[in-house]
Each structure stands twice: as C-alpha cells, then as structure tokens.
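Novice: Kindly generate the corresponding structure for this input.
(one chain, ligands or ions: 1)
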Amino acid sequence: MKSKCETASWKRVLTSVAIFTTLAAASIAAPESAAAQKPGEGKISLGQRTLILPAPVWIICSYDSSGRPNAMTASWAGICSSDPASVTVSLRESRYSFDGIMARKAFTVNIPSTRFAAEAAFFGTASGRDVDKFRATGLTAVPSGLVDAPYIGEFPLVVECRLSGTYNVGSHVMLIGEIVDVKADKSVLDGRGVPDMAKVDPFVFATGSGNFHSIGGSLGSVSELRDKIGK
Ligand SMILES: Cc1cc2nc3c(=O)[nH]c(=O)nc-3n(C[C@H](O)[C@H](O)[C@H](O)COP(=O)(O)O)c2cc1C
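Specialist: Residues are numbered from 1 along each chain as shown. Modelled structure (predicted):
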C-alpha cells in the first residue's frame, strides 16, 4: 500500500506532465493560427452591452431632502465639454441621490485614491435611503462654498458642479454638470500645478468582471508618442 506522501508526489508528477503536454500542443498550434488570422478576424460578437474598458470610478455627492450628505459610486460618466468645462454622469432615477441632485441642481465628483477602494465599493452598493454612508465610512462631508452639495474631504481631487442639463437616455438619465471649480490637495499636484496621475492614484472599473483596477505607469506624452509614427 502506498503512503499518503507517495500518492501526493505522483499526483504532482501527473499534473506537471498534463500542463507540459497542453503547453506543447498550444505552442505548436499557435504559429499556424496566428499566420492564418488577419487583423480584425477572430473577433467574437458580445452583443449590445456596455462592455467598454475601462470605466471611471467617481463618487457623486449630494444632499438629500433633509440636508443629509450622501455619496454614490458612478462609472457611467466622463468629460463632455471643454468650454464650458462640463462632465456627464448617468443615474437611474431610482437612485436615492437622483432626487437630491435634481432638487438642488448641484453635485460634486470626488476621485478616490486606491486606498479608498473599499469605500467606493460601499458607496456603490449601499443606499442613502437605508444608511448614512458618511457616518458608516467615517469620511468627512465638506460643504462646498460654491454649489449646493458636499464633497469628500479625504479624497485628493474634487470637482464642484452645477447641474446644467439632463437627457433621458433610457434606463439612465444623463446629468450634465458645469464645472464651477476643481479642488486638489497640494500634495497631488505636479510641477505645473495640475493633478499628477501617480499621486492622485485613481482606479478604474472593469465593466464585465465587476473588478476595480489600479492604473499603470505613464506611456509618455502624446507629442512624444506621436513622433514615433513620424508622418
Ligand atoms: C462601480 C460601480 C459603478 C456604478 N455606476 C453607477 C452609475 O453610473 N449610475 C448609477 O445610477 N448607478 C451606478 N452604480 C450603482 C449605485 O452606486 C448604487 O445603486 C448606489 O447604492 C446608489 O446610492 P444611493 O441610493 O444612495 O443614491 C454603480 C455601482 C458601482 C459599484
């Protein structure tokens, strides 16, 4: 009779052989299929879905009807105009935040650093209808002096917005926010006085998997990279 130890080492040998055989088969097959495939071929249709990578992770802050600060995570969002500087964020009307933003015509966009990933997950899964999210996370709601909404004191970069328009798309209503001011911690600014990606340390949302991802290093400036094409 074999000892437990012997059986385990045989299992390891058999697993290694199986992995080696699979890898060997793949390395033989790969050059042929790569040569046969033209760019664009081999794509699989995934259907009419919002599978865009990556999506931003913004925390939208507003006051509710009793003046209590609330925060929700939004990824259906982006910059939509340079002049006037504006952002867009799409909300389902059922979100508790929705009525507060519509009533006070204001919201703030708060950019979390990776150390606030758990708070961002919480803001995106708990509703202000049921829980005081600022009390639960211990984060600080700072009243904006410019718009009727709070911002998160601990986050490195915040954008105060006046609601300038709405557009009903379908499941979501697109809110357009004219940027009234951007506030940043001095510690996250670069030599030119603009927010530095590495210092702000934001993260993104992978729509398909539902995971948050950190952002890698710089690939170079657009003008440097453009020169590589040379034309
Ligand atoms: C990563 C992530 C992104 C989200 N993006 C949006 C979004 O863009 N629009 C939206 O209406 N809800 C979005 N949600 C869901 C809301 O954040 C969630 O329903 C939240 O509980 C709403 O809070 P409230 O009811 O306090 O307003 C997202 C959730 C997560 C986790």
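Novice: Kindly report the residues of this protein close to the ligand.
Specialist: 57, 70, 72-77, 90-92, 95-97, 124-129, 172, 205 (CB under 6 Å from any ligand atom). Just so you know, the C-beta spots here come from the backbone N, C-alpha and C atoms, and that holds for glycine as well.
Novice: burial count for the closest residue in space to Tyr63 that isn't next to it in sequence?
Specialist: Excluding the flanking residues, the one nearest Tyr63 by CB to CB, 6 or more residues apart in numbering is Gly100, at 5.4 Å. Burial measure for Gly100: 25 neighbouring residues, criterion other CB atoms under 10 Å.
Novice: Find the helix or strand that Gly100 is a member of.
Specialist: helix 96-104 (DSSP states H and E).
Novice: Go through that helix and flag the buried ones.
Specialist: Using 16 or more other CB atoms under 10 Å as the test for burial, helix 96-104 gives Tyr96, Ser97, Phe98, Gly100, Ile101, Met102, Arg104.
Novice: and the helix or strand following it, what other elements does it pack with?
Specialist: Downstream of helix 96-104, the first helix or strand assigned by DSSP H and E is strand 106-111. Applying 3 or more CB pairs under 8 Å, 6 or more residues apart in numbering; DSSP states H and E, we find strand 106-111 packed against strand 58-63, strand 85-91, strand 150-152, strand 157-168, strand 173-184.
Novice: Give the other helices and strands that the helix or strand just after strand 106-111 contacts.
Specialist: Under the assignment DSSP H and E, the closest C-terminal helix or strand after strand 106-111 is helix 117-123. Applying 3+ CB pairs under 8 Å, 6+ apart, one finds that helix 117-123 contacts strand 58-63, strand 69-74, helix 133-137, strand 211-214.
Novice: most neighbours per residue, which of the ones you listed?
Specialist: Between the helices and strands packed on helix 117-123, strand 58-63 has the highest mean count of neighbours, a mean of 26, where neighbours are mean count of other CB atoms under 10 Å.
Novice: Show me what residue of this structure gets nearest to the ligand.
Specialist: Going by CB to the nearest ligand atom, the ligand is nearest to Gly124 of the chain, at 2.6 Å.
Novice: what does the model give the nearest residue to that residue once chain neighbours are set aside for pLDDT?
Specialist: Using CB to CB, 6+ apart and skipping the chain neighbours, the partner closest in space to Gly124 is Thr73 (3.1 Å). You'll see Thr73 listed with a pLDDT of 99.
Novice: Do I have it right that Lys183 meets Val158?
Specialist: Yes: using CB atoms under 8 Å, Lys183 is in contact with Val158, at 5.0 Å.
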